[in-house]
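*Asks:* Sequence and predicted structure below; questions after.
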Amino acid sequence: TNAEHLMGGTYGAVTNWASFAKALSVDGCEAEYLHLPLFDFPKACPACICGSMVIFRPGEGKSVAAMVAGSQALIDAVKASGMVGLPLHLGTQRQRAGEGR
């Protein structure tokens, strides 16, 4: 049955959004520092059914990054694989310079 098919297998989905990174400029605003894909992993890819990875570029000219979602076993395997590097730094330019909250 469909339920047996969904619950009995392990599935994965990978998508590459790296080519989407273009500088975004809005008058009166700081330069874009971090470009993240907006994706509701829990709703779109329940961990009990599917592991997911979105490969993306956090900004024009920056190295490629990946967001991974799935079971704890998948997350642990990705961490152990050597793929995990430096963390992405969030916040405004002022916050990163120690000027803001």
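*Replies:* Ah, there it is.

*Asks:* and the spatially most central residue of the chain, what are its phi and psi?
*Replies:* Computing the C-alpha centroid of the chain and ranking residues by C-alpha atoms, centre = their mean puts Met67 first, at 2.5 Å. Dihedral angles of Met67 (phi, psi; degrees, to the nearest 10) stand at phi -110, psi 130.

*Asks:* How about the contacts made by it?
*Replies:* Contacts of Met67 were listed using C-beta atoms under 8 Å, 6 or more residues apart in numbering, and they are 36-37, 39, 41, 53-54, 56. C-betas here are computed from N, CA, C, even on glycine.

*Asks:* what pairs with it across the strands?
*Replies:* Val54 (DSSP bridges).

*Asks:* Report the spatially nearest residue to Arg57, omitting neighbours in sequence.
*Replies:* Of all residues not flanking Arg57 in the chain, Ala21 sits nearest, at 3.6 Å (C-beta to C-beta, 6 or more residues apart in numbering).

*Asks:* In contact with the one you found, which residues?
*Replies:* Residues in contact with Ala21 (C-beta under 8 Å, 6+ apart) are 35, 56-60, 62.

*Asks:* go on, Tyr11?
*Replies:* 49-51.

*Asks:* now the helices: where do they sit in this protein?
*Replies:* 2-8, 41-44, 72-80, 93-96 (DSSP state H).

*Asks:* what's the closest of the contacts of Tyr11 to Asn16?
*Replies:* The closest of those to Asn16 turns out to be Gly51 (C-beta to C-beta; 15.8 Å).
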